[in-house]
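**Student:** here are the coordinates; sequence isn't available:
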Ligand SMILES: Cc1cc2nc3c(=O)[nH]c(=O)nc-3n(C[C@H](O)[C@H](O)[C@H](O)COP(=O)(O)OP(=O)(O)OC[C@H]3O[C@@H](n4cnc5c(N)ncnc54)[C@H](O)[C@@H]3O)c2cc1C
């Protein structure tokens, strides 16, 4: 296992370009977006033009070809500025484009992946249902054979980008008795297909720029060209995408922690109480030190996991069992620790701000609300611990 890691000059240049772009174009609209709870269509459109919706996708399929490390650089920078934009990019890229890249036919890649990576189409991913959350193999949306294809009926929940997406990677049961072991299949559904409607969009504690939509399927008919990966192989498609998503969530958490720590450090050096900046109080210094230590540790975890995924390549049929297990354990570790450390660090940063940290509209108050979902979506942290524990019992430390 490689433990050395450094960024190439091209990766550093990409990070610098992203940071400049986000500070200029996204940072100014975030407070209003949070208040109005509107999807940030204009800034998403500008990011699509810049190629930021296809960062890990090879150039031959319309992406920037910067791998998972480049993708995590983008997510880290997004986390510093706004986690809603991070979640919109993440749902599209990790959970929409990656399944197409890894499991799509050449025809599906040309039809769905290229426009998505170029930023011409927005993607979403739909696994969760009212009765199937953590137990994600228990989906009840059924896909029955119909002609040469399938007819899908059911209800999906909590779909990020669900209201805006052009295409959704959606999991349905082709053999409900078999569950995750061969009974679930991934499908590609387009907005506006007969029988597919967007239902309620949730009001949320944070991530106010994202839609979290219900999708209702009433006898949606699809041809065989809409099956992504093998029939019955949908659970593997979903879990493989989530391994990428969980590392990128860690990167978004890292950015949010960096912004919170820098903001708290700056505030603590300016805010004077008892005749001196509060940063001079040891109790505040200890908080700042703990925050900085978590940032430092997560940085290594995120980029080690991303570099490992890059090293494995994009053809899952070439990965051995051990490589798969390591990748999955790393992704669960990064997601779990990253989200919990982000909650801790942002909580301490808010505390350092005193009453100001609790005032609606301050960046730290928004970050506090936005961070909490990291412990829940893309698999709760209880589930990440189960993933790590199962691998531990199987392979040891
Ligand atoms: C803002 C937002 C965006 C989302 N985006 C998407 C999306 O784009 N696509 C998508 O498909 N889904 C999405 N989700 C759904 C999300 O992934 C699920 O909410 C999550 O996986 C948990 O499922 P659940 O809500 O049904 O909770 P449940 O599974 O009902 O869990 C409830 C509690 O029980 C615990 N628990 C359950 N089983 C176990 C166990 N075996 N051992 C220990 N504890 C357990 C859980 O950890 C949790 O604490 C999103 C959710 C939100 C809120």
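**Tutor:** Yes, it's here. As the structure is a prediction and not an experimental result, all values here were calculated from the model.
**Student:** show me where the chain has its strands.
**Tutor:** In the chain, the strands defined using DSSP state E lie at 123-126, 142-146, 149-160, 167-173, 184-190, 196-201, 212-222, 227-228, 272-273, 276-277.
**Student:** which of those strands sits closest to residue 40?
**Tutor:** For those, the distance to residue 40 is smallest for strand 149-160, at 13.5 Å, taking C-beta to C-beta. In short, each C-beta sits where N, CA and C put it, glycine included.
**Student:** is any residue of the closest one near the ligand?
**Tutor:** Yes. Under the criterion of C-beta under 6 Å from any ligand atom, strand 149-160 makes contact with the ligand via 158-160.
**Student:** reformat the residues you listed as JSON lines; add pLDDT and neighbour count.
**Tutor:** Below are those laid out as JSON lines (pLDDT from 0 to 100; neighbours: other C-beta atoms under 10 Å):
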{"residue": "158", "pLDDT": "98", "neighbour count": "19"}
{"residue": "159", "pLDDT": "98", "neighbour count": "24"}
{"residue": "160", "pLDDT": "98", "neighbour count": "25"}
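**Student:** around the ligand, which positions in the stretch 151-300 of the chain sit nearby?
**Tutor:** 158-160, 204, 207, 212.
**Student:** now flag whichever of these is closest to residue 151.
**Tutor:** Once C-beta to C-beta is applied, the member of those that ends up nearest residue 151 is residue 159, at 20.2 Å.
**Student:** how many residues are close by the closest residue to residue 100 other than its chain neighbours?
**Tutor:** Of all residues not flanking residue 100 in the chain, residue 113 sits nearest, at 4.2 Å (C-beta to C-beta, 6 or more residues apart in numbering). Per other C-beta atoms under 10 Å, the neighbour tally for residue 113 reads 26.
**Student:** likewise for residue 106?
**Tutor:** If you count neighbours by other C-beta under 10 Å, residue 106 ends up with 9.
**Student:** quick check: residue 267 touching residue 353?
**Tutor:** Yes. Because the distance of 5.8 Å satisfies C-beta atoms under 8 Å, residue 267 is recorded as touching residue 353.
**Student:** sorry, back to before: got the strands of the chain as a markdown table, with distance to residue 26 columns?
**Tutor:** Output for these, formatted as a markdown table (distance: least, C-beta to C-beta, whole Å):
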| stretch | distance to residue 26 |
| --- | --- |
| strand 123-126 | 20 |
| strand 142-146 | 38 |
| strand 149-160 | 18 |
| strand 167-173 | 24 |
| strand 184-190 | 28 |
| strand 196-201 | 22 |
| strand 212-222 | 20 |
| strand 227-228 | 31 |
| strand 272-273 | 32 |
| strand 276-277 | 31 |
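**Student:** show me how far stretch 346-358 is from its chain's centre.
**Tutor:** 26 Å (C-alpha atoms, centre = their mean, to the nearest Å).
**Student:** give me the nearest residue to residue 330, chain neighbours excluded.
**Tutor:** Sequence neighbours aside, residue 305 is the residue nearest to residue 330 in space, at 4.2 Å (criterion: C-beta to C-beta, 6+ apart).
**Student:** surely that neighbour and residue 334 touch.
**Tutor:** Yes. Under the criterion of C-beta under 8 Å, residue 305 makes contact with residue 334 at 5.0 Å.
**Student:** show me what counts as buried in the longest helix belonging to the chain.
**Tutor:** Criterion DSSP state H: the longest helix present in the chain is helix 234-270. Neighbour-count burial for helix 234-270, counted by 16 or more other C-beta atoms under 10 Å, picks out 234-261, 263-265, 267-268.
**Student:** could you do stretch 282-294 as well?
**Tutor:** Buried residues in stretch 282-294, counted by 16+ other C-beta under 10 Å: 284, 287-288, 291-292, 294.
**Student:** contact partners for residue 247?
**Tutor:** Contacts for residue 247 (C-beta atoms under 8 Å, 6 or more residues apart in numbering) come out as 68, 72, 302, 305-306, 309, 330-331, 334-335.
**Student:** out of these, which are buried?
**Tutor:** 68, 72, 302, 305-306, 309, 330-331, 334-335.
**Student:** out of these, which comes closest to the ligand?
**Tutor:** residue 335 (11.4 Å; C-beta to the nearest ligand atom).
**Student:** okay, the residue nearest to the closest one when sequence neighbours are not counted: pLDDT?
**Tutor:** With C-beta to C-beta, 6+ apart as the criterion, residue 335 has its nearest non-adjacent residue at 3.6 Å, and that residue is residue 246. In this prediction, residue 246 carries a pLDDT score of 98.
**Student:** residues in contact with residue 246?
**Tutor:** Contact partners of residue 246, counting by C-beta under 8 Å, 6+ apart, are 331-332, 334-335, 378-379, 384.
**Student:** state the pLDDT value of the residue in the chain positioned nearest to the ligand.
**Tutor:** At 1.7 Å from the ligand, residue 133 is the closest residue in the chain, using C-beta to the nearest ligand atom. Per-residue pLDDT puts residue 133 at 97.
**Student:** and it, how close does it get to residue 88?
**Tutor:** According to C-beta to C-beta, to the nearest Å, residue 133 and residue 88 sit 21 Å apart.
**Student:** now do residue 170
**Tutor:** Plainly put, residue 170 is 18 Å away from residue 88 if you go by C-beta to C-beta.
**Student:** now swap in residue 143 and tell me
**Tutor:** Distance, residue 143 to residue 88, by C-beta to C-beta: 27 Å.
**Student:** before we move on, back to that, dump the buried residues of stretch 282-294 to a markdown table, plus pLDDT.
**Tutor:** As requested, the buried residues of stretch 282-294 are exported to a markdown table (pLDDT from 0 to 100):
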| residue | pLDDT |
| --- | --- |
| 284 | 98 |
| 287 | 98 |
| 288 | 98 |
| 291 | 98 |
| 292 | 98 |
| 294 | 98 |
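**Student:** perfect, that will be all.
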